[in-house]
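Asker: generate a structure from the sequence data that follows.
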Amino acid sequence: MLIQNGKVLLFEEGGFAAKDIRVVDGLIQEISDHIQPMEGEVCYDAAGRYVTPGLIDAHSHICISEEGMGDVGDDCCDYSDALTPELEVLDGLYPFDRAVETSVRAGVTCACVCPGSDGVVGGVSSVIRLAGSVADEMLVRRYAAMKCSLGENPKAAKHGFASRMGVAWQFRKCMEDALDYRHSKQEAEVSGSYFKKDRGMEHMLLVLEKKMPIHFHAHRSDDICTAVRLAQEYDLDMVLVHGTDAIPVADYLAKFPYPVIVGPGMTPRSKHETWNKTFETAGILHKAGVKVCVTADHDVTPLYFLSVYAGLAVRYGLDELEGLKSVTLNPAQVLGIDGRKGQLKTGLDADIVVWSAHPFACEARPELVFLEGIQKL
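Answerer: Numbering: from 1, shown residues only. Below you'll find the model as predicted:
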């Protein structure tokens, strides 16, 4: 397959450049000037069009909080305990969520699906491609993150504590349990004695060993700083999710290597934590030196308008190229899938969107969408 004459988004060239793209066996084989078609090759003329990688959302509940299904289709949160690291979104994914097809037709090809935010430690998040009928076959990265939460949501979930102090302690308890579990497991391995494995603690060992980051739901600035404190205490890889009130602590955040997944922006200020919500947040964080992704937080706001949310962040101060990165390369890096997705580059998956206009233009719409080389639109 050959896409010709398009304005191709190449981050190494600082934006859009006139190039052709050849795809073979679902991978990008070549990006160059004026590639000559081979005999029998399917060609698409993208003259006057903008070509980007498939969009990626680093934080979503698509396929686990199904659109239009109400409580029957909502499997985001499990209220059996404040600490449920044994849970995995994989066991709740419904591939036929109606939002999947609509999102792909809007240029979104990949998403990290996360448990909800009512538990302190909610379970394992997974990255999926937005195609397929079997959840296991949609996986791009199964152990993408351990979802954790601070602030109003876990505080109000009636897990037996009623303060931010209690929420933080529950997280520390989980970490201390994991450290104790690791010690006992190591002792058993040395002595050769029987050791009963615990699924949740095995997941937390991945966290301790930095094989899986934690994604910390935190809106308010004090909760954001608590997330940093906890990550520092246990030397964890951490990503902040939402960061709604991050502007007052932007310079503080810039001292640490923690990315922020900003959003959802297009909702009312529905609770105290979101009183300071603004589309300026992403730009201010980026200028301070923080890596930023933009999220729809589907189904809080629809995933199929992800390009609009990133465009609004650009309207309110985020650099345009960074706005494009915030829904492509940055989430791919944050999710650990940048060896496959997130940019148009030789050897990566052919997740490609051909837009009628610049992706942030109000009239822009995808005209062609390819997911791993397979045409979806």
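Asker: what's the span of stretch 301-311 from first residue to last?
Answerer: End-to-end distance of stretch 301-311: 15 Å, with Cα to Cα, to the nearest Å as the criterion.
Asker: what do you get for stretch 298-318?
Answerer: Terminal-residue distance, stretch 298-318 (Cα to Cα): 22 Å.
Asker: list the buried residues for that stretch?
Answerer: Neighbour-count burial for stretch 298-318, counted by 16 or more other Cβ atoms under 10 Å, picks out 298-314, 317-318. Backbone N, C-alpha and C define where each C-beta goes, glycine included.
Asker: stretch 68-86 too?
Answerer: Of all the residues in stretch 68-86, those buried under the rule 16+ other Cβ under 10 Å are G73, D75, C76, C77, D78, D81, A82, L83, T84, P85, E86.
Asker: for these, which one is nearest I214?
Answerer: P85 (10.1 Å; Cβ to Cβ).
Asker: so which strand or helix has that closest one?
Answerer: Counting by DSSP states H and E, no helix or strand carries P85.
Asker: before we move on, back to that, in helices, which of the buried residues of stretch 298-318 appear?
Answerer: Assigned to helices by DSSP state H, the following of the buried residues of stretch 298-318 qualify: L306, S307, V308, Y309, A310, G311, L312, A313, V314.
Asker: is it true that the second one touches T328?
Answerer: No - applying Cβ atoms under 8 Å as the test, S307 and T328 come out as separate, 10.3 Å apart.
Asker: can you list residues touching both of the two?
Answerer: L55 (Cβ atoms under 8 Å, 6 or more residues apart in numbering).
Asker: hang on, the earlier thing: rebuild the ones in helices among the buried residues of stretch 298-318 as a markdown table, extending it with distance to I3 and pLDDT.
Answerer: As requested, these are exported to a markdown table (distance: Cβ to Cβ, whole Å; pLDDT from 0 to 100):
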| residue | distance to I3 | pLDDT |
| --- | --- | --- |
| L306 | 22 | 98 |
| S307 | 19 | 98 |
| V308 | 24 | 98 |
| Y309 | 26 | 98 |
| A310 | 22 | 98 |
| G311 | 23 | 98 |
| L312 | 28 | 98 |
| A313 | 27 | 98 |
| V314 | 25 | 98 |
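Asker: so who does the residue nearest the centre of the chain touch?
Answerer: In the chain, the centroid-proximal residue (Cα atoms, centre = their mean) is A58; its distance is 0.9 Å. Neighbouring residues of A58 by Cβ under 8 Å, 6+ apart: C112, V239, I261, C293, T295, N330, P331, V334, L335.
Asker: go on, E66?
Answerer: With contact taken as Cβ under 8 Å, 6+ apart, E66 is in contact with G73, D74, Y94, D97, R98, A99, D299.
Asker: quick check: closest non-adjacent residue to it.
Answerer: Excluding its sequence neighbours, the residue lying closest to E66 (Cβ to Cβ, 6 or more residues apart in numbering) is G73, at 3.4 Å.
Asker: straight-line length of stretch 51-61, end to end?
Answerer: 27 Å.
Asker: what average pLDDT does that stretch get?
Answerer: Here stretch 51-61 scores 98 as its mean pLDDT.
Asker: go on, stretch 233-247?
Answerer: 98.
Asker: ok, then the element right after the helix or strand where A18 lies?
Answerer: Using DSSP H and E, A18 sits in strand 15-24. Reading on from strand 15-24 to the C-terminus, the next helix or strand found by DSSP H and E is strand 27-32.
Asker: buried ones in whatever helix or strand comes next after that following strand?
Answerer: Next helix or strand after strand 27-32 toward the C-terminus (DSSP H and E): strand 43-45. The neighbour-count check on strand 43-45 (16+ other Cβ under 10 Å) flags Y44 as buried.
Asker: neighbouring contacts of strand 43-45?
Answerer: So strand 43-45 is contacted by M1, L2, I3, Q4, N5, P37, V354, L368 (Cβ under 8 Å, 6+ apart).
Asker: which stretch of helix or strand covers the nearest residue to G15 once chain neighbours are set aside?
Answerer: Using Cβ to Cβ, 6+ apart and skipping the chain neighbours, the partner closest in space to G15 is L321 (5.9 Å). Assigned by DSSP H and E, L321 belongs to helix 320-325.
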